[in-house]
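J.: Okay, here's the prediction I keep looking at, along with the sequence it came from:
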Amino acid sequence: DAKTTQPPSMDCAEGRAANLPCNHSTISGNEYVYWYRQIHSQGPQYIIHGLKNNETNEMASLIITEDRKSSTLILPHATLRDTAVYYCIVRAQTAEGNKLVFGAGTILRVKS
Amino acid sequence: NAGVMQNPRHLVRRRGQEARLRCSPMKGHSHVYWYRQLPEEGLKFMVYLQKENIIDESGMPKERFSAEFPKEGPSILRIQQVVRGDSAAYFCASSPGGNSPLHFGNGTRLTVT
């Protein structure tokens, strides 16, 4: 699976948009980009995933560059409860499925 | 639809005992993954199973650890003769396969005394 690079930490003001970048310059054509977060010591929570088109759901938006070498997760109105470690993961697809390989992620601190 | 269920939430074992961690996947999910998170460290993949088959065990320690996902019942991660270094949070995830996302349980926290 391709490797990803994320900043170790970011701060965001409550109510503002949080934009979390991820670099995946060696991504292959069949690899999807997934975002998860882990709040304190809970289980990782799935946020969103995409292949090449931008995606949006009730939690966030995912913007993938045209060359697919980087992406940005956008939390439109961050709250204190969004403070967590955010993981950007690229995952190769097989007909059966494949594991996720977690890196160090980005610690997002939302401040009032 | 209930999420991934793991039990027990907390497990305390003395050195040398066995630990059994259970994971019930989400309804309709036939793929199960186990991860370990040591204190203050990241999530490390251990093993990936489908019903009755181990697909990828590249992250499993060679000794004392085993996993199964029988035709009926939950997936079990078994640790024999536990040592203090096994103290960690163990997370299970499930998916229906393909490019569907994995959904995680809230983990079992194992403490070895």
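T.: Thanks, I have it.

J.: Residue numbers of chain B in contact with chain A?
T.: Counting by Cβ under 8 Å from any Cβ of the partner chain, the residues of chain B lying close to chain A are B:4, B:31, B:33, B:35, B:37, B:42-45, B:48, B:50, B:55-56, B:89, B:91, B:93, B:95, B:97-107, B:109. Placement of C-beta: from N, CA and C, glycine included.

J.: Now residue A:49: which helix or strand?
T.: Using DSSP states H and E, residue A:49 sits in strand A:45-50.

J.: Please pull up the helix or strand immediately following that strand.
T.: Tracing the chain C-terminally past strand A:45-50 and defining elements by DSSP H and E, one meets strand A:55-56 next.

J.: quick one: strands adjacent to that following strand?
T.: Each strand paired with strand A:55-56, and its direction, by DSSP bridges: strand A:61-64 (antiparallel).

J.: Among the residues of chain B next to chain A, which lie within strands?
T.: Judged by DSSP state E, the residues of chain B next to chain A include B:31, B:33, B:35, B:37, B:43-45, B:48, B:50, B:55-56, B:89, B:91, B:93, B:95, B:103-104, B:109 as members of strands.

J.: Among these, name the buried ones.
T.: B:31, B:33, B:35, B:37, B:43, B:45, B:48, B:55-56, B:89, B:91, B:93, B:95, B:103-104, B:109 (16 or more other Cβ atoms under 10 Å in any protein chain shown).

J.: Of all pairs in the residues you listed, which one is the farthest apart?
T.: Checked with Cβ to Cβ, these reach their widest spread between B:55 and B:109, with 26.2 Å between them.

J.: Residues in a beta bridge with the residue of chain B found nearest chain A, which ones?
T.: Checking chain B residue by residue against chain A with Cβ to the nearest Cβ singles out residue B:104 as nearest, at 3.7 Å. Taking DSSP bridges, one obtains residue B:93 as the residues bridged to residue B:104.
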